[in-house]
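Enquirer: One predicted model, sequence on top.
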Amino acid sequence: MIKKYNYLFLFIVYFFFSGNKLNAENFSSDQKYGFVVAPYIQQVENSSFHVLWETSLPGTGAIKLGEAEFNVLRPNLNQFFKEKTSCVFHRVAVAGLETGGNYFYQAVTIGENGDTLKGPVTPLNIPDYKKMPVSFAVIGDTQNSPDIWGKLSKLIYQERPSFIVHVGDLVQYGPHKDDWVDEFFKPAKNLLRFYPLYPAIGNHDNHHPNFYRYFDLPSPEWFYTVKKGDVLFIFADTNRDILPGSKQYQKLEKILASAHETWKIMVHHHPVYVSEEGFYGNTWVQKSVHGDPNEIHLKKLYETYGVDLVLNGHAHFYERTWPVSANRINTENGVIYITTGGGNDEYSKFAANKSWYDARTRVTNHFLYINIFENNLYGNAIDSSGNVFDTFSIQKKPDYERLNAPYFSGGSSCFLDKYTVKIQNLSETGKIFYSIDGKSLKSAGTEEVKIPIDKTTTISSFIQNEKGKSRTAIRTFKKLPVLSSGKKKAEKIKAEYFEGNWIALPDFDQLTTDRTFFLDTLSLEPIQPRAKDHFAIRFTGSFEVPQTGIYRFMIESFDGSRLIIDGREIIDNDGIHYEIRKENFVALKKGTHDFEIQYFDYVRRETLQIWTGTKPDQMKWFNNFIVKQ
């Protein structure tokens, strides 16, 4: 016993005087290999999969693979897939497998100093969805809750899913490496070595390189599709611009219009429908918009192109809607939305009264387990005690055929003089029917119809074959008047600063200015000193339009804002709210134009950002266009 205490004393003395923490990163040349992140799999396809892991020191990674055999005492790992370079972040692709095959794999790292680090030998099945259902688990908002995530991961493993879907907010703060290593991967290491995880990116993940480093997903990793059997999963990024004029929205619309799979499932972090008590309007004192204002417009797109299920998180509870379409329950053609932010120990609360679309709600830690086979979907919501507290199902008719609504190609819905509307049938069957401004129905070809217009026009269209017709796609194409130029160039941006307790943008002309600033850039930062909360600013100046055309403007603010160009209101983003984005299109003549941007802050953080451009994938900061003398 005395000898034991002597060793302990020497250890404490050494630790005190060395000043080093006892962890793998502080040992020097005699450090042995260890896993920072244990091996886990990604992208299990019909004939391949990927293995990722991270080690404490550089080395060359490899995967030893063997096919499962009968009557053996241990797996025969006789195939070898090796990295080309030494590194600490390892990614190895394993190919040449058979659908439905059973295999074993082991990750091995050979260090630069000759040490060898071996991961566990793990069984792996390549699912054959022609024989078996598409079975998957869904989890969300695991940030800052490693104990809950660890417990739920063990319950998910008991269900033996083929893969896992995560609806975002994997970690508390994306730039913190410890959040990924210690709070996400370690609690679930014995789940993720067996089953690949497909995540949507959440607001807490911060688009940090850590997200892209730790996941090997189809490109681009913030917006991608995954096909499993006859099910198409689409992962969108609702932290980015997804308004109708955005590149992401247009890409999503085309994917939905051309998808031939029986099932379409959307995955993104923020909700289209949700009954949280205060996220989108305090239900104890006011009306709620019942969904994220940046995503509410997506419901029309989902309804038009027959999305079956939308999975999201953000609110830390469980809510399943009835099938909804056109703002009412529609059990035949509606979309089911499920908020499943069950991985967090900070719970959200429900609205004061039951929402019309709410089928089932529960405040509890949970995950979903869903099976899809042929024309049937079955889902269970399972709490942290392993109890099923909600079940749901979707059945399609035995003779169901995917007949998508037509697609308006070209992306733009605004024009200057004349425009040719192109309606495409991407269903590869049926005939195009359309109506102009609600007038008589016309039939056209089977692949594409072109309609010349020279005024604002609303066109509705559907596809019909011998079995039936698709849903109707409707779009209004606007002819925009061109705002003339020839304005006087302002030498500086004028910023008038006001203090007051407003809940909406004030009438600035009736206020007395507290301070006036002349700025080189449109920003809140140089307006100092300013109050922490309860202030307003009116910016005025001029900007240069390089060429005559249609410009898309987008403004994001927390709280309210308004954009005025040449005395005309372009975007109204008023009210008390968090970061909400709004867009509009305006035709501008080449030359100088006046602008006025109004903004007020009520409480909390202050945000004001404006973008513009002629193409959705070439949006630039509005500051780039402002005249600077």
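Expert: Structure's in. What do you need? Numbering: from 1, shown residues only.
Enquirer: Show the backbone phi and psi for the residue nearest to the spatial centre of the chain.
Expert: Nearest residue to the geometric centre of the chain (CA atoms, centre = their mean): residue 237, 2.4 Å. Note on residue 237: its backbone torsions stand at phi -110, psi 100 [degrees, to the nearest 10].
Enquirer: now residue 302
Expert: Main-chain torsions, residue 302, degrees, to the nearest 10: phi -60, psi -40.
Enquirer: now the helices for the chain?
Expert: Remark: helices assigned in the chain by DSSP state H are 2-18, 146-159, 177-178, 189-192, 209-214, 247-258, 298-304.
Enquirer: what mean pLDDT does the first one have?
Expert: Going back to what we said before, that points to helix 2-18. What helix 2-18 shows for mean pLDDT is 35.
Enquirer: which residues of this structure score low on pLDDT?
Expert: Applying pLDDT under 70 to the chain flags the ranges 1-31, 628-629.
Enquirer: my read: the residue nearest to the centre of the chain touches residue 223, true?
Expert: Yes: contact criterion CB atoms under 8 Å: residue 237 and residue 223 qualify, at 5.5 Å. C-betas here are computed from N, CA, C, even on glycine.
Enquirer: if I look at those two, which residues touch both of them?
Expert: residue 248 (CB atoms under 8 Å, 6 or more residues apart in numbering).
Enquirer: Against residue 184, how distant is residue 286?
Expert: Distance of residue 286 to residue 184, given as CB to CB, to the nearest Å: 36 Å.
Enquirer: same deal with residue 428?
Expert: Taking CB to CB as the measure, residue 428 falls 42 Å from residue 184.
Enquirer: Comparing the two, which shows the higher neighbour count?
Expert: residue 184 (26 against 11; other CB atoms under 10 Å).
Enquirer: thinking the more buried one is in contact with residue 172, fair?
Expert: No: in this structure, residue 184 is not within contact of residue 172 by CB under 8 Å, at 9.5 Å.
Enquirer: Count the residues that sit near residue 498.
Expert: Residue 498 has 19 neighbours, counted by other CB under 10 Å.
Enquirer: hang on, I meant residue 351
Expert: By other CB under 10 Å, 22 other residues sit near residue 351.
Enquirer: Please convert the helices of the chain to a markdown table, extending it with mean neighbour count.
Expert: Below are those laid out as a markdown table (neighbours: other CB atoms under 10 Å):
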| stretch | mean neighbour count |
| --- | --- |
| helix 2-18 | 9 |
| helix 146-159 | 18 |
| helix 177-178 | 13 |
| helix 189-192 | 20 |
| helix 209-214 | 17 |
| helix 247-258 | 19 |
| helix 298-304 | 20 |
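Enquirer: nearest to residue 476, of those?
Expert: The closest of these to residue 476 is helix 298-304. By CB to CB, the value is 12.4 Å.
Enquirer: what's the offset of that closest one from the middle of its chain?
Expert: For helix 298-304, the separation from the chain centroid amounts to 16 Å (computed by CA atoms, centre = their mean, to the nearest Å).
Enquirer: would you put the C-alpha positions of it in CSV?
Expert: Only the C-alpha atoms of helix 298-304 are listed here, as CSV (Å, rounded to 0.1, in the frame of the first residue of the first chain):
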residue,chain,number,x,y,z
LEU,A,298,-41.5,25.3,-50.1
LYS,A,299,-44.9,23.7,-49.2
LYS,A,300,-46.3,24.7,-52.6
LEU,A,301,-43.3,23.1,-54.4
TYR,A,302,-43.7,19.9,-52.3
GLU,A,303,-47.4,19.7,-53.0
THR,A,304,-47.0,20.3,-56.7
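Enquirer: other SSEs contacting it?
Expert: Judged by 3 or more CB pairs under 8 Å, 6 or more residues apart in numbering; DSSP states H and E, helix 298-304 is in contact with helix 247-258.
Enquirer: any idea how far the helix it packs on is from the chain center?
Expert: Using CA atoms, centre = their mean, the offset of helix 247-258 from its chain centre is 14 Å.
Enquirer: ditto for stretch 582-595
Expert: How far stretch 582-595 lies from its chain's middle: 30 Å, per CA atoms, centre = their mean.
Enquirer: Quick one: end-to-end length of that stretch, please.
Expert: Start-to-end span of stretch 582-595 (CA to CA, to the nearest Å) is 17 Å.
Enquirer: May I see the buried residues of that stretch?
Expert: Of the residues in stretch 582-595, 582-589, 591-595 count as buried by neighbour count, 16 or more other CB atoms under 10 Å.
Enquirer: Would you reformat those residues as TSV and include distance to residue 314?
Expert: TSV is the format used below for these (distance: CB to CB, whole Å):
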residue	distance to residue 314
582	20
583	22
584	26
585	29
586	32
587	37
588	36
589	42
591	44
592	42
593	38
594	39
595	33
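Enquirer: Would you point out the most distant pair within the residues you listed?
Expert: Pairwise distances across the buried residues of stretch 582-595 peak at 25.7 Å for 582 and 591 (criterion: CB to CB).
Enquirer: what's next to stretch 459-471, contact-wise?
Expert: Under CB under 8 Å, 6+ apart, the answer for stretch 459-471 is 303-306, 333, 399, 401, 403-406, 408, 421, 423, 425, 427, 429-438, 451, 472-477.
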